[in-house]
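Q: with the input below, show me the fold.
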Amino acid sequence: MKRQDAVGNHPTVVCYLAATALTGVLVFEYALATQNLNYGFPTSYTWTELLLNYQGGVIKRAALGEIAYHIDFLLPARLFILAVIVSLWVTCILSIVWVLRIFQSFAGLLFLVSPAGLLFPIYDQAAFGRKDLFVWAVAVVAAVLTTKVRNSWQSLTAILATAIGATAFSETVTFYIPLIFWGFLSTRRNESIQFRVTAALIVGAVTLLGFAVNYALKSTNESMIATSWQTLYPDAYQNAGALCCLGMNLSQALQHMAGTAAAPLPRDSYILGALLAIIPTLVLVWSRPPREPRTILGTLCLIAGLLGSLAPLALATDWGRFISLSTSVTFLATWTALSGEPFRACPSPTCPRGLSVLVGKALILVLFAGSWRMTHWRPSGESGVLPGPLLSWLGLA
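A: Numbering: from 1, shown residues only. Reported below is the predicted structural model:
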């Protein structure tokens with residue numbers, strides 16, 4: 001009997017050919033984005049964040065720049081940082097497509113071409129190279145470890161070690177640890193209640209400790225960061241860039257965000273972007289409904305995870321980035337949580353209805369991928385969601 005998969009039950013060989021083509025396109029597009037990032041060195045806003053280091057004091061999200069600063073005499077900072085970014089993105093792409101095999105479901109393909117997926121930093125290349133990449137990496141590693149490593153303690157330990165290490169590069173990782181843990185916990189229903197409660201307490205403690213450490217760190221002298229790089233690259237930090245926000249406290253962040261939230265644009269447009277980004281997760285839940293009722297502990301972890309993933313939207317004005325990031329982690333955690341669930345039955349490809357469904361899904365993917373372009377940030381009075389390349393090409397923009 002010919003083996004078939006979940007994308008409309010069409011033959012596996014077609015699915016794998018499509019996945020190969022998809023991988024090639026994504027890697028090619030990310031290579032172009034890397035080239036554009038390279039051209040912006042060291043003056044673009046993205047580079048002012050990537051080059052943050054500890055020369056003005058120990059601060060959050062500065063580990064990458066600190067390492068680059070100390071090895072610059074061996075490997076120029078630009079090449080080192082670009083190598084890290086490319087390596088992590090390629091690893092994420094290959095893991096999502098070939099290890100997690102997200103392409104084997106229509107929801108997975110929708111995810112890849114949605115604002116939550118891998119098209120977002122291609123459509124808005126100002127978002128490419130930001131340290132959101134480390135959140136992606138942790139979410140992908142956690143999904144792989146959860147689904148591929150059977151020993152629960154080994155899997156959880158490796159996930160937490162990865163997350164803790166990543167917080168030195170991006171403190172934003174901390175917000176998503178509970179949601180990632182919910183995905184893990186949902187696959188461990190056969191474990192004892194003692195294991196599940198102990199694991200939840202450990203994850204809660206790690207999350208709170210991460211917040212306490214990262215948000216207690218403040219730069220003692222931002223100008224020393226700029227000076228340290230200007231001795232190597234005179235054009236660095238000609239504008240403050242990311243240095244401007246290092247000393248912002250919680251009250252200032254909330255006040256700044258409230259001013260942006262009061263304006264109908266870009267607020268309302270980002271609500272539309274969030275709705276588009278959450279569609280793949282809704283389709284996934286519909287296509288792989290859980291067979292067992294949710295436990296109280298699992299429900300509490302899910303609520304904590306969702307609240308944590310939404311918190312950055314209340315603290316920053318670059319909503320496009322965090323909408324994409326929150327919905328991407330939500331999808332990956334949900335994919336992990338439902339990894340043991342069967343797909344709903346699909347029509348056979350040998351009948352006319354099956355072929356029509358397959359063609360219909362392909363058209364939906366193309367239309368969905370080409371209809372939107374969400375920006376990582378937009379000033380007051382401007383829309384954060386713009387017509388996509390397909391609509392522009394058709395003259396509908």
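Q: got the contact list for the worst-scoring helix or strand of the chain on mean pLDDT?
A: The helix or strand of the chain with the lowest confidence, counting by mean pLDDT, DSSP states H and E, is helix 250-261 at a mean of 73. Outside of helix 250-261, the residues that reach it under the criterion CB atoms under 8 Å, 6 or more residues apart in numbering are Y215, M248, P266, R267, A314, L315, A316, T317, S380. Placement of C-beta: from N, CA and C, glycine included.
Q: count of neighbours near the fourth one?
A: Using other CB atoms under 10 Å, the number of residues around R267 comes to 15.
Q: do the same with the third one
A: The burial metric for P266, expressed as a neighbour count using other CB under 10 Å, is 24.
Q: and it, how far is that from Q255?
A: Separation of P266 from Q255 (CB to CB, to the nearest Å) stands at 18 Å.
Q: for this protein, which spans come out with low pLDDT?
A: Applying pLDDT under 70 to the chain flags residues 1-12, 14, 218-220, 249-250, 343-354, 397.
Q: hang on, S223 packs against W229?
A: No: with contacts counted by CB atoms under 8 Å, S223 stays clear of W229, the gap being 11.2 Å.
Q: quick one: G40 from E292, how far?
A: The span separating G40 from E292 equals 49 Å under the rule CB to CB.
Q: the more surrounded of the two?
A: Just comparing G40 and E292: by other CB under 10 Å the higher neighbour count belongs to G40, 16 against 10.
Q: what is the host helix or strand of T20 packed up against?
A: Taking DSSP states H and E as the criterion, the element that holds T20 is helix 12-39. With contacts defined as 3 or more CB pairs under 8 Å, 6 or more residues apart in numbering; DSSP states H and E, helix 12-39 has these neighbours: helix 77-94, helix 120-123.
Q: most tightly packed of those?
A: When you average the neighbours per residue for each of those (mean count of other CB atoms under 10 Å), helix 120-123 leads with a mean of 22.
Q: can I get the CA coordinates of the following helix or strand past the helix holding T20 in CSV?
A: Following the chain from helix 12-39 toward its C-terminal end, the next helix or strand by DSSP H and E is helix 45-50. Presented in CSV, the C-alpha positions along helix 45-50 are these (Å, rounded to 0.1, in the frame of the first residue of the first chain):
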residue,chain,number,x,y,z
TYR,A,45,19.6,50.2,13.9
THR,A,46,19.8,46.4,13.7
TRP,A,47,23.6,46.6,14.0
THR,A,48,23.4,49.0,17.0
GLU,A,49,21.5,46.2,18.8
LEU,A,50,23.7,43.4,17.5
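Q: quick one: contacts of helix 45-50?
A: Helix 45-50 is touched from outside by 37, 40-42, 61, 64-65, 68, 81, 126, 128-131, 236-237, 239-243, with contacts defined as CB under 8 Å, 6+ apart.
Q: got the angle for whichever helix or strand comes after it vs helix 77-94?
A: With elements assigned by DSSP H and E, the helix or strand that comes after helix 45-50 is helix 63-70. Between helix 63-70 and helix 77-94, the angle comes out at 140 degrees (axes from the mean of the first three to the mean of the last three CA atoms, to 10 degrees).
Q: what residues sit buried inside helix 63-70?
A: Counting neighbours by 16 or more other CB atoms under 10 Å, one finds that the buried residues in helix 63-70 are A63, L64, G65, E66, I67, A68, Y69.
Q: quick check: the residue nearest to the second one when sequence neighbours are not counted vs T260, distance?
A: Put plainly, it is L64. Ranked by CB to CB, 6 or more residues apart in numbering and with sequence neighbours excluded, the top spatial neighbour of L64 is F169, at 5.2 Å. With the distance defined as CB to CB, F169 ends up 26 Å from T260.
Q: please apply the same query to Q35.
A: Taking CB to CB as the criterion, Q35 is separated from T260 by 32 Å.
Q: let me know the closest of the buried residues of helix 63-70 to A116.
A: Within these, distances to A116 taken as CB to CB reach their minimum at L64, with 24.3 Å.
Q: next one: stretch 116-133 to chain centre, how far?
A: Mean-position distance between stretch 116-133 and its chain equals 9 Å (CA atoms, centre = their mean, to the nearest Å).
Q: that stretch spans what distance, first to last residue?
A: End-to-end distance for stretch 116-133: 13 Å, by CA to CA, to the nearest Å.
Q: quick one: residues contacting A168.
A: For A168, the set of contacting residues under the criterion of CB under 8 Å, 6+ apart consists of A63.
Q: same check on the one 3 residues further on?
A: Counting by CB under 8 Å, 6+ apart, E171 touches K60, R61, G210, N214, Y215.
Q: one more: L112?
A: Applying CB under 8 Å, 6+ apart, one finds that L112 lies in contact with L22, L26, I96, I102, F103, L118, L119.
Q: neighbour-wise, which one of those leads?
A: Using other CB under 10 Å as the neighbour criterion, I96 leads the contacts of L112 with 27 neighbours.
Q: surely that one touches V140?
A: Yes: counting by CB under 8 Å, V140 is a contact partner of I96 at 6.2 Å.
Q: any common contacting residues for those two?
A: The overlap between the contact sets of I96 and V140 (CB under 8 Å, 6+ apart) is empty.
Q: quick check: closest non-adjacent residue to L386.
A: Leaving aside its sequence neighbours, L386 is closest to R373 (4.5 Å, by CB to CB, 6+ apart).
Q: let me see the contact set for the residue lying closest to Q55 once chain neighbours are set aside.
A: Nearest residue to Q55 in three dimensions, chain neighbours excluded: S228, at 4.0 Å (CB to CB, 6+ apart). Counting by CB under 8 Å, 6+ apart, S228 makes contact with N53, Q55, G56, Y69.
Q: with distance to A362 as extra columns, can I get those residues in CSV?
A: CSV is the format used below for the contacts of S228 (distance: CB to CB, whole Å):
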residue, distance to A362
N53, 47
Q55, 52
G56, 52
Y69, 48
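Q: and which of the residues you listed is nearest V285?
A: So of the contacts of S228, ranked by how close each gets to V285 (CB to CB), first place is N53, at 42.5 Å.
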